[in-house]
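**Q** Got a predicted structure plus its sequence, pasted below:
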Amino acid sequence: MSGTCIESEKVLERKLVRKIKDLGGMAIKLTSQYSKGDPDRLCLIFDETPFFVEVKSTGEKPTKIQLHVHEKIRELGFEVFIIDTTEKLKSLISRYEKG
């Protein structure tokens, strides 16, 4: 990954929360002591189907349990996005911008 800027999960997650808020929505942090592998955020935007986001530092991949949970969520009809760069975040947000 020479020449690629490494972005931390923490920074990307803050950007996600801000962008979703700018769209008038909420990016709810998912935490559970009983469930492993849940995506990091549940995103809610008015008049849109809720979706989930797994945030990773640049180049990092979800664990096997995370991928398993993501697949179960997709089987229920919801989208799960994996974001590890600002470019991927911008691409996701552009899907929900009006105008």
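**A** Arrived safely. Residues are numbered from 1 along each chain as shown.
**Q** by contact count, what packs against the helix ranked longest in the chain?
**A** In the chain, with assignment by DSSP state H, the single longest helix is helix 9-22. The contact analysis (3 or more Cβ pairs under 8 Å, 6 or more residues apart in numbering; DSSP states H and E) places helix 9-22 against strand 26-29, strand 41-44, strand 51-55, helix 86-94. To be clear about C-beta, it is placed using only N, CA and C from the backbone, and glycine gets the same treatment.
**Q** Mind putting those into JSON lines with mean pLDDT, mean neighbour count and distance to Ile65?
**A** What follows is the helices and strands packed on helix 9-22, written out as JSON lines (pLDDT from 0 to 100; neighbours: other Cβ atoms under 10 Å; distance: least, Cβ to Cβ, whole Å):
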{"stretch": "strand 26-29", "mean pLDDT": "98", "mean neighbour count": "15", "distance to Ile65": "18"}
{"stretch": "strand 41-44", "mean pLDDT": "98", "mean neighbour count": "20", "distance to Ile65": "17"}
{"stretch": "strand 51-55", "mean pLDDT": "98", "mean neighbour count": "23", "distance to Ile65": "12"}
{"stretch": "helix 86-94", "mean pLDDT": "97", "mean neighbour count": "15", "distance to Ile65": "22"}
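**Q** For Phe78, which of the ones you listed is the nearest?
**A** strand 51-55 (6.2 Å; Cβ to Cβ).
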